[in-house]
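1. I'd like to go over a predicted model; first the sequence, then the structure.
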Amino acid sequence: MNDTNSILSMTEHGAYVWPTYGLAAVVLIGLVVLSLRALGRSRAELERIELETGRQRDEA
Amino acid sequence: MNILHRFANPTRFQRLSKKIEPWVLVLMLLTMGSGLYFALFSSPVDYQQGHTVRIMYIHVPAAWMALFCYTAMAIAAAISLIWKHGLADIAVKATAPIGAAFTFLALVTGSLWGKPMWGTWWVWDARLTSVLVLFFLYLGYMALRDAFDDPARGAKSSAILVLVGFVNVPIIKFSVDWWNTLHQPASVIRMDGPTIHVDMLMPLLLMAFAFKFYYLWVMLVRIRQELMAQRIRALKHRQAIE
Amino acid sequence: MSGLSVILRREIRLALRHSTDSFMVVGFFVIAVVLFPFGVGPESNMLARIGPGVIWVAALLAAMLSMERLFQTDYEDGSLELLVLSPVPMELTVCAKVFVHWLTTGVPLILTAPLLALMMNVPFEAWPVMLASLALGTPVLSLIGAIGAALALGARRGGVLLSLLVLPLLIPVLIFAVGAIDAHLMGGGAKANLLLLGGVLLGALALAPWASAAALRQAVAS
């Protein structure tokens, strides 16, 4: 249908198409990264607190 | 509503979610990959629009998701208020940033499509204006939820806001039918069936499914995170008492 | 009905005691509009062109400023709890409060509008439509504002939050109101836009008391 060359240049419309896909990638991947990092932080803190309360109960 | 309450149990939900998530991720990557391939390489150039038609494969599914996420939030908010269902409430909180992201993409990619097509970045027609209002509703939800020291109050107040704002959704859907202005009328979800060519319909539907799987996967991750955060708060509270 | 009239009379009494609030709302309205000739230049055709919109936006902002106090004092001194528990349905209590709020905010805005229309060079022939749009629109501001006030009750930065929540919901009001005035000035009828505005008012009358009451019960229960 279309060869890769013309896709990458896409005449003057390329200036609109590539930022579209680029922005979508940034936003969607960014949201995933933020969500996974929050998940990791919560998991670490939960383990830390469960250890502490376990220790508190043992000491009590 | 027995089935709803079975999954209100956080531990059971987290177990189920961890089993489902890898599959959803795989489906998302498959549909996203094939959708992007067809969208960027193997689909035809439009007779009038040239390559800019490829923007449609991001813009239209993003707009669909903007509405879909808000509708999902409204249903979950209603369930959380009526049946006092904790997990439904967490689902609303988890969905909001995803819906906001898709709405933002719909607005910006719409501008990027509008400039080469009609020569303008923005126009105040009914659909664009009501989608902008939708974006503000998402942001308003997130702001209201965070504005209270008591998390339960924030949850319930923002749930009511979601329901109040739901009047905007039919306005968005039907605005292109009621007001004949710049944004084009529906060509896919119509009573007579789609008017779009199948070569363009396929990447469009693939990207639509990709976005749906994306939403499902990210939402599950965010729900698990919020369940952990809840447990942390409860344990800290207990710590403070002892 | 006697319970409702007691509540209504109490609201009116409180409003009369705090009558300076109305003056502040009108004061803000006037100042906000007056800033525009200074900001965009005094060229009369341009002021006339933007006049209806400027007046309406200023009315919106002035109404938002006064919204916070709708439930705030009752919430802080505990009377809100009593109102929720009283035999009068909360939805009717909200209607009474909104009605008095409109009397002390919306009506002064309507009465001040001709003066501002004069300053912004809005043609006389547009004044009836402008006043009609304000008469239909200002109650909607109080109604939708009440929802925001109830939702944000007790929140941090409640006043700003309230405006951020409510102003997007009021965009249709702005569109139809200014649309009516502009349509009239351009020769077409204002009827379509005014009817739509009336429809929004009816919708707000149906939705706002219910949503505000739900939010208020929420606030009191916490």
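-> Yep, it's here.
2. neighbours of the closest residue to chain C within chain A, just the number please.
-> Nearest residue of chain A to chain C, counting by C-beta to the nearest C-beta: A:V27, 21.3 Å away. Placement of C-beta: from N, CA and C, glycine included. Burial of A:V27 is recorded as 17 neighbouring residues (other C-beta atoms under 10 Å in any protein chain shown).
3. where do the helices sit along the chain?
-> All of this refers to chain A. Applying DSSP state H to chain A gives helices spanning A:4-9, A:14-59.
4. hmm, I had chain B in mind actually
-> In chain B, the segments counted as helices under DSSP H are B:2-6, B:10-37, B:56-82, B:86-118, B:126-146, B:151-165, B:168-178, B:198-241.
5. ok, now chain C?
-> So, for chain C - with DSSP H - the helices run C:2-17, C:20-40, C:44-67, C:69-77, C:79-85, C:90-104, C:106-119, C:127-151, C:158-169, C:171-185, C:191-221.
6. name the residues of the fourth one that come out as buried.
-> This points to helix C:69-77. Using 16 or more other C-beta atoms under 10 Å in any protein chain shown as the test for burial, helix C:69-77 gives C:70-72, C:74-75.
7. what does that helix contact?
-> Contact partners of helix C:69-77, identified using C-beta atoms under 8 Å, 6 or more residues apart in numbering or on different chains, comprise C:21, C:79-80, C:83, C:97-98, C:101, C:145-146, C:149-150, C:153-154, C:158, C:216, C:219-220.
8. what's the local residue count around A:R57?
-> Count around A:R57 with other C-beta under 10 Å applied: 9.
9. OK, contacts around it?
-> So A:R57 contacts nothing (C-beta under 8 Å, 6+ apart).
10. rerun that using 10 Å as the cut-off
-> Taking C-beta atoms under 10 Å, 6 or more residues apart in numbering or on different chains as the contact definition, A:R57 lies against B:E242.
11. counting neighbours, what do you get for B:F211?
-> 26.
12. now do the residue nearest to B:I223 when sequence neighbours are not counted, the pLDDT please.
-> Spatial nearest neighbour of B:I223, chain neighbours left out: B:A94 (4.7 Å); criterion: C-beta to C-beta, 6 or more residues apart in numbering or on different chains. pLDDT recorded at B:A94 is 96.
13. how far away is B:A94 from B:M202?
-> 30 Å (C-beta to C-beta, to the nearest Å).
14. what average pLDDT does stretch B:153-173 get?
-> Averaged across stretch B:153-173, pLDDT comes to 92.
15. do that stretch and chain A meet at all?
-> No. Stretch B:153-173 lies apart from chain A when judged by C-beta under 10 Å from any C-beta of the partner chain; the minimum separation is 17.8 Å.
16. buried stuff in that stretch?
-> Buried residues in stretch B:153-173, counted by 16+ other C-beta under 10 Å: B:153-166, B:168-169, B:171-172.
17. that one and chain C, are they touching?
-> Yes. Shown here: stretch B:153-173 in contact with chain C (C-beta under 10 Å from any C-beta) through B:153-161, B:163-165, B:167-168, B:171.
18. and the residue nearest in space to the middle of chain C, what does it touch?
-> Residue closest to the mean C-alpha point of chain C, counted by C-alpha atoms, centre = their mean, is C:L141 at 3.1 Å. Residues near C:L141 by C-beta under 10 Å, 6+ apart: C:59-60, C:62-64, C:66-67, C:98, C:101-102, C:105-106, C:109, C:134, C:166, C:170, C:173-174, C:204.
19. ok, now C:L143?
-> With contact taken as C-beta under 10 Å, 6+ apart, C:L143 is in contact with C:94-95, C:98-99, C:101-102, C:200-201, C:203-209, C:211-212.
20. ok so, going back, of B:A94 and B:M202, who's got more company?
-> Higher neighbour count among B:A94 and B:M202: B:A94, with 24 against 17, using other C-beta under 10 Å.
21. what distance do you get for the residue of chain C most remote from its centre to C:N121?
-> Residue farthest from the centre of chain C, counting by C-alpha atoms, centre = their mean, is C:E43 at 29.8 Å. C:E43 is 9 Å from C:N121, where distance means C-beta to C-beta.
22. any common contacting residues for those two?
-> Common neighbours of C:E43 and C:N121 (criterion: C-beta under 10 Å, 6+ apart): C:37, C:49.
23. list of residues touching stretch C:82-97?
-> Identification of contacts with stretch C:82-97 by C-beta under 10 Å, 6+ apart yields C:1-12, C:14-15, C:70-71, C:74-75, C:80, C:142-143, C:146-147, C:149-150, C:205, C:208-217, C:219-221.
24. can you flag the buried ones in the residues you listed?
-> With burial judged by 16+ other C-beta under 10 Å, the buried subset of the contacts of stretch C:82-97 is C:4, C:7-8, C:10-11, C:15, C:70-71, C:74-75, C:80, C:142-143, C:146-147, C:149-150, C:208-209, C:211-216, C:219-220.
25. leaving out sequence neighbours, find the closest residue to B:L132.
-> Nearest residue to B:L132, sequence neighbours excluded (C-beta to C-beta, 6+ apart): B:L107, at 6.6 Å.
26. thinking the one you found is in contact with B:A62, fair?
-> Yes. Counting by C-beta atoms under 10 Å, B:L107 touches B:A62, with 8.8 Å between them.
27. these two: which has the busier surroundings?
-> Of the pair B:L107 and B:A62, B:A62 is the one with more neighbours under other C-beta under 10 Å, namely 26 against 20.
28. residue contacts, that one?
-> B:A62 makes contacts with A:20, A:24, A:27-28, B:101-110, B:207-208, B:211, as judged by C-beta under 10 Å, 6+ apart.
29. give the PyMOL command for selecting the buried subset of those.
-> Buried subset of the contacts of B:A62, written as a PyMOL selection, criterion 16+ other C-beta under 10 Å:
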select buried, (chain A and resi 20+24+27+28) or (chain B and resi 101+102+103+104+105+106+107+108+109+110+207+208+211)
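30. what about stretch C:174-188 and chain B, touching?
-> Yes. Using C-beta under 10 Å from any C-beta, stretch C:174-188 reaches chain B at C:I175.
31. which of the residues in that stretch are buried?
-> For stretch C:174-188, the neighbour count (16+ other C-beta under 10 Å) marks C:174-185 as buried.
32. CA atoms only: put that stretch into PDB for me.
-> These are the backbone C-alpha positions of stretch C:174-188, laid out as PDB (Å, rounded to 0.1, in the frame of the first residue of the first chain):
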ATOM      1  CA  LEU C 174     -23.200  31.300  29.600                       C
ATOM      2  CA  ILE C 175     -23.400  30.000  26.000                       C
ATOM      3  CA  PHE C 176     -27.200  30.200  25.800                       C
ATOM      4  CA  ALA C 177     -27.500  33.600  27.700                       C
ATOM      5  CA  VAL C 178     -24.900  35.400  25.600                       C
ATOM      6  CA  GLY C 179     -26.100  33.600  22.600                       C
ATOM      7  CA  ALA C 180     -29.600  35.000  23.100                       C
ATOM      8  CA  ILE C 181     -28.400  38.500  23.400                       C
ATOM      9  CA  ASP C 182     -26.100  38.200  20.300                       C
ATOM     10  CA  ALA C 183     -28.800  36.500  18.300                       C
ATOM     11  CA  HIS C 184     -31.200  39.300  19.100                       C
ATOM     12  CA  LEU C 185     -28.700  42.000  18.100                       C
ATOM     13  CA  MET C 186     -27.900  40.300  14.800                       C
ATOM     14  CA  GLY C 187     -31.600  40.200  13.800                       C
ATOM     15  CA  GLY C 188     -32.400  36.600  14.400                       C
END
